[in-house]
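*Asks:* heads up, no residue letters with this:
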Ligand code: HEM
């Protein structure tokens, strides 16, 4: 047979089209997963999710997906997301492996991939490491860090006072943005006894925030299709160049952490003294102690990775929690008033003329307020900082039953906090509404069990062996900051009709939360 150029090109195209089509169909119908509904393109290719993470980062389509597709949503050819909190026990406490999503978080240094406590899929290393460093994040240690939070909180309030109350020249306060400055300065201070100086510079020295935001954007998009990481940041060619010293592009957080570590090693405190550079306890000092006790497990690179994990994980998450809590209070004046009364009854506004630092509420005091506790829980339920992100696991080869459904082996599965925290059978028919009272025990029969069930369904800090290591630190910051701000300042939404915006790359940051600020005093 005689083949002309155009017929052979045509045949090639036909063959290619057939190959692509059959690959797409194989994806869609694999393992019978097509019985689960979701956005149609998602079942054909993971590219859809990359695209969706980018384009839908400011809208939260989860509730409309759930309405349309049910409690199990297919978000990828081999990926299911669950809205029923019954999945938490099945997915996160049954020893499932993490998906490749996590490795995207691993750093690269001099051409080598450096796993960290968050990114690693090595269960043995992870559990040993967690045990060794647990002291740095325990409640006992965290309370020792309290003075560091007090100092940053005082700086935050002084800025609020001087920039947004006294002069009024700067006009409205972008509360979400300033809470971001605050949270990053706190995590710098807790980590190294030295803040990043973002508040002091009135937000001008905010490079650290941008660096971490870019990193989260990368992780959110590439994490849904991890093989892209091997084409981009972990490209073998770039790694090769890095190993030979021809290419090294560490993120700015790395040199900063390296410098802090080197300085601390040079000025090693006396044995048994767990004070950091400023004479106060900090995370780096506790990690160095852990290294002293377990030098075989924690080399300098691992220590650096641990320190960076805290910095990466502890800024935007906490600022989003704080802005979420204040946003819901500002939108619900009745709850704000009730909380104000509770705070005033125990910690009245400072006497006129006293320094703002005098108004800082201690963690123990903050923890003693039941209505504050209810307001915090309720806001974290509706706006879990990492609630729009998937924390993916892989079903074992033999398959598994998750929330009552049989799921074929090696399917990637995840709960979604945004949906699980709105589960009506658990939180009530008004689960979409903000009602702090749902967390209060009215003394009737069954109340304890009802509240315990809600607590079990909350997936704010994760559950199981990978649950948030910095939870105590986050709670320390939250339970101090909210009552302190409301004790010392009166806040009002600048324009209640203006919706705030959300930017959801791993963390659901609130943007455009403009408030008017007034100083409170007796
Ligand atoms: C409100 C604030 C915070 C929220 C909502 C939050 C949430 C989470 C979530 C959902 C996970 C992942 C669980 C999983 O992979 O299954 C996590 C892990 C982690 N978080 Fe947080 N976090 C917060 C604050 C912090 C802070 C302040 C730090 C450090 C000081 C921190 C350090 C970590 C670390 C190191 C991990 C990895 C733990 C592991 O894999 O063993 N987090 N966090």
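*Replies:* Received it, and whenever you're ready, just let me know what you need. Keep in mind the model is a prediction, meaning the values are calculated, not measured.
*Asks:* neighbours around the nearest residue to residue 74 once chain neighbours are set aside, how many?
*Replies:* Closest residue in space to residue 74, ignoring its immediate chain neighbours: residue 38 at 3.4 Å, by C-beta to C-beta, 6 or more residues apart in numbering. C-betas here are computed from N, CA, C, even on glycine. For residue 38, the count of nearby residues is 22 (other C-beta atoms under 10 Å).
*Asks:* helix, strand, or coil at residue 38?
*Replies:* coil (DSSP: H, G, I helix; E, B strand; the rest coil).
*Asks:* pretty sure it is touching residue 70, no?
*Replies:* No. Counting by C-beta atoms under 8 Å, residue 38 stays clear of residue 70, with 9.4 Å between them.
*Asks:* from residue 385, how far out is the residue of the stretch 301-450 of the chain found nearest the ligand?
*Replies:* Residue nearest to the ligand within the stretch 301-450 of the chain: residue 314 (3.0 Å; C-beta to the nearest ligand atom). Applying C-beta to C-beta, to the nearest Å, the value for residue 314 to residue 385 is 11 Å.
*Asks:* next: residue 480.
*Replies:* From residue 480 over to residue 385 (counting by C-beta to C-beta), the distance is 17 Å.
*Asks:* give me the distance between residue 448 and residue 380.
*Replies:* On the measure of C-beta to C-beta, residue 448 and residue 380 end up 20 Å apart.
*Asks:* may I ask which helix or strand encompasses residue 301?
*Replies:* helix 300-313 (DSSP states H and E).
*Asks:* how about that helix: buried residues?
*Replies:* 302-313 (16 or more other C-beta atoms under 10 Å).
*Asks:* so which of residue 480 and residue 385 has more stuff around it?
*Replies:* residue 385 (25 against 22).
*Asks:* contact partners for the nearest residue to that one once chain neighbours are set aside?
*Replies:* Counting by C-beta to C-beta, 6+ apart, residue 385 lies nearest to residue 320, which is 4.0 Å off, once chain neighbours are set aside. The neighbours of residue 320, taking C-beta atoms under 8 Å, 6 or more residues apart in numbering as the test, are 383, 385, 507-510.
*Asks:* could those residues go into JSON lines alongside pLDDT?
*Replies:* JSON lines is the format used below for the contacts of residue 320 (pLDDT from 0 to 100):
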{"residue": "383", "pLDDT": "98"}
{"residue": "385", "pLDDT": "98"}
{"residue": "507", "pLDDT": "96"}
{"residue": "508", "pLDDT": "96"}
{"residue": "509", "pLDDT": "96"}
{"residue": "510", "pLDDT": "95"}
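*Asks:* now these in JSON lines, with distance to residue 115?
*Replies:* Shown next, in JSON lines, are these (distance: C-beta to C-beta, whole Å):
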{"residue": "383", "distance to residue 115": "31"}
{"residue": "385", "distance to residue 115": "24"}
{"residue": "507", "distance to residue 115": "22"}
{"residue": "508", "distance to residue 115": "26"}
{"residue": "509", "distance to residue 115": "27"}
{"residue": "510", "distance to residue 115": "32"}
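*Asks:* could you list which of those residues also contact the ligand?
*Replies:* Filtering the contacts of residue 320 for neighbours of the ligand using C-beta under 6 Å from any ligand atom leaves residue 385.
*Asks:* which of the contacts of residue 320 lies closest to residue 490?
*Replies:* residue 510 (20.0 Å; C-beta to C-beta).
*Asks:* residue numbers of the stretch 51-200 of the chain in contact with the ligand?
*Replies:* Residues of the stretch 51-200 of the chain found near the ligand (C-beta under 6 Å from any ligand atom) are 117-118, 130.
*Asks:* now name the helix or strand holding whichever residue of the stretch 51-200 of the chain sits closest to the ligand.
*Replies:* In the stretch 51-200 of the chain, the residue that lies nearest the ligand is residue 118 (4.0 Å; C-beta to the nearest ligand atom). Assigned by DSSP H and E, residue 118 belongs to no helix or strand.
*Asks:* from here on, call the first residue 34.
*Replies:* Sounds good: first residue 34 from here, last item residue 151.
*Asks:* which phi and psi does it have?
*Replies:* The phi/psi pair for residue 151 (degrees, to the nearest 10) reads phi -80, psi -40.
*Asks:* next one: residue 233
*Replies:* phi -60, psi -30.
*Asks:* would you confirm that it contacts residue 189?
*Replies:* No. In this structure, residue 233 is not within contact of residue 189 by C-beta under 8 Å, at 10.6 Å.
*Asks:* of the two, which one has the most company?
*Replies:* Counting neighbours by other C-beta under 10 Å for residue 233 and for residue 189 shows that residue 189 has the greater number, 22 against 14.
*Asks:* return the residues in contact with the more buried one.
*Replies:* Neighbours of residue 189 in contact, by C-beta under 8 Å, 6+ apart: 211, 214-215, 218, 232.
*Asks:* let's see it at 10 Å
*Replies:* 211-212, 214-216, 218-219, 232, 389, 514, 517-518 (C-beta atoms under 10 Å, 6 or more residues apart in numbering).
*Asks:* grab the nearest non-local neighbour of residue 439.
*Replies:* That would be residue 432: by C-beta to C-beta, 6+ apart, it lies 6.1 Å from residue 439.
*Asks:* how about the secondary structure of residue 381?
*Replies:* Following three-state DSSP, the label given to residue 381 is coil.
*Asks:* these two touch, right, it and residue 553?
*Replies:* Yes. In this structure, residue 381 is within contact of residue 553 by C-beta atoms under 10 Å, at 9.3 Å.
*Asks:* tell me how many other residues crowd residue 280.
*Replies:* 15.
*Asks:* ignoring the adjacent residues along the chain, who's closest to it?
*Replies:* residue 274 is the one closest to residue 280 (C-beta to C-beta, 6+ apart), at 3.7 Å.
*Asks:* same check on residue 265?
*Replies:* residue 255 (6.5 Å).
*Asks:* and residue 492, by the same measure?
*Replies:* residue 450 (4.1 Å).
*Asks:* number of residues surrounding the residue nearest to residue 280?
*Replies:* 14.
*Asks:* any buried residues in the lowest-mean-pLDDT helix or strand in the chain, and which?
*Replies:* Within the chain, no helix or strand scores below strand 140-142, which has a mean of 83 by mean pLDDT, DSSP states H and E. By neighbour count with 16+ other C-beta under 10 Å, strand 140-142 contains the buried residues 140-141.
*Asks:* what's the answer for stretch 442-459, then?
*Replies:* For stretch 442-459, the buried set under the neighbour-count rule, 16+ other C-beta under 10 Å, comprises 444-456, 459.
*Asks:* from these, which land in helices?
*Replies:* 450-453, 459 (DSSP state H).
*Asks:* just checking, residue 487 touches residue 455?
*Replies:* No. Under the criterion of C-beta under 10 Å, residue 487 makes no contact with residue 455, lying 11.5 Å away.
*Asks:* OK, now which residue of the stretch 434-555 of the chain is nearest to the ligand?
*Replies:* Taking C-beta to the nearest ligand atom, the stretch 434-555 of the chain has residue 503 as its residue nearest the ligand, at 1.9 Å.
*Asks:* how about the contacts made by that residue?
*Replies:* With C-beta under 10 Å, 6+ apart, residue 503 has these contacts: 169-170, 175, 220, 223, 316, 342-343, 346-347, 350-351, 494, 509-510.
*Asks:* related to what we said a few turns ago, export the contacts of residue 353 to JSON lines and tack on distance to residue 64 and secondary structure?
*Replies:* Below are these laid out as JSON lines (distance: C-beta to C-beta, whole Å; DSSP: H, G, I helix; E, B strand; the rest coil):
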{"residue": "416", "distance to residue 64": "35", "secondary structure": "coil"}
{"residue": "418", "distance to residue 64": "33", "secondary structure": "coil"}
{"residue": "540", "distance to residue 64": "32", "secondary structure": "strand"}
{"residue": "541", "distance to residue 64": "31", "secondary structure": "strand"}
{"residue": "542", "distance to residue 64": "36", "secondary structure": "strand"}
{"residue": "543", "distance to residue 64": "39", "secondary structure": "strand"}
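*Asks:* this completes my enquiry, with thanks.
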